[in-house]
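Peer 1: sequence first, predicted coordinates after that:
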Amino acid sequence: MTALKKSIQLNVEFLIERNWEVFSTEEQKLLNKAIEATKDAYAPYSKFKVGAAVLLANGNIIKGNNQENATYPNGLCAERVALFNAASNFPNQKINAIALTIDYVGKTITQPVFPCGSCRQSMLEYEDRFNQNIKIYIIGPSNEVVIINSVKDILPFAFSGDFL
């Protein structure tokens, strides 16, 4: 038996914007809400504070931040806190965008930090649920913003409900 070999090349397109003046008022508000959310993150163990903000189709912006626990697996990431909060309080509203940023107390971060795999999977569920891409804004350490047009761009070979 010979193994079948297949090669797939993945390309991810994203934009890095350093000038916040190019963003709409709504986008600037979303970015600022993510920064604001970071301040209230509960991260006494890791000191890795994450803030997120979700922009809904109705214009509401819902904040979330990471919530740690002494038994690390029991905490929850900022992105999922914001997403689940939005879905609980506005169950029929599409999610247009999510912004996130970090503040790592005691350590210098030199590049934007992307969402973990669990958060990417959760975001993908909402893209699939509403059949609409979610734009992702990741605010980096020098206030540059990485802009990604869809969760699918940062979660290749995703698991979906189609497999179940």
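Peer 2: Here it is on my side, so go on. Not measured: the values here are computed from a predicted model.
Peer 1: pretty sure Leu124 contacts Asp153?
Peer 2: No - applying C-beta atoms under 8 Å, one finds Leu124 not in contact with Asp153, separated by 10.6 Å. Heads up, the C-betas are built off the backbone N, CA and C, glycines and all.
Peer 1: these two - which one has more neighbours?
Peer 2: Neighbours per residue (other C-beta atoms under 10 Å) separate Leu124 from Asp153, with Leu124 holding more: 19 against 15.
Peer 1: give me the distance between that one and Ile95.
Peer 2: 11 Å (C-beta to C-beta, to the nearest Å).
Peer 1: burial count for Leu76?
Peer 2: Using other C-beta under 10 Å: Leu76 sits among 18 other residues.
Peer 1: that one pairs with what?
Peer 2: Gln67 (DSSP bridges).
Peer 1: can you check the pLDDT for it?
Peer 2: We note a pLDDT of 96 for Leu76 in this prediction.
Peer 1: next one: Ser160
Peer 2: pLDDT, Ser160: 83.
Peer 1: which residues touch it?
Peer 2: Residues counted as contacts of Ser160 (C-beta atoms under 8 Å, 6 or more residues apart in numbering) are 124, 128.
Peer 1: can you give me the strands in the protein?
Peer 2: Taking DSSP state E as the criterion, the chain carries its strands at 15-17, 48-56, 61-65, 95-104, 135-139, 145-148.
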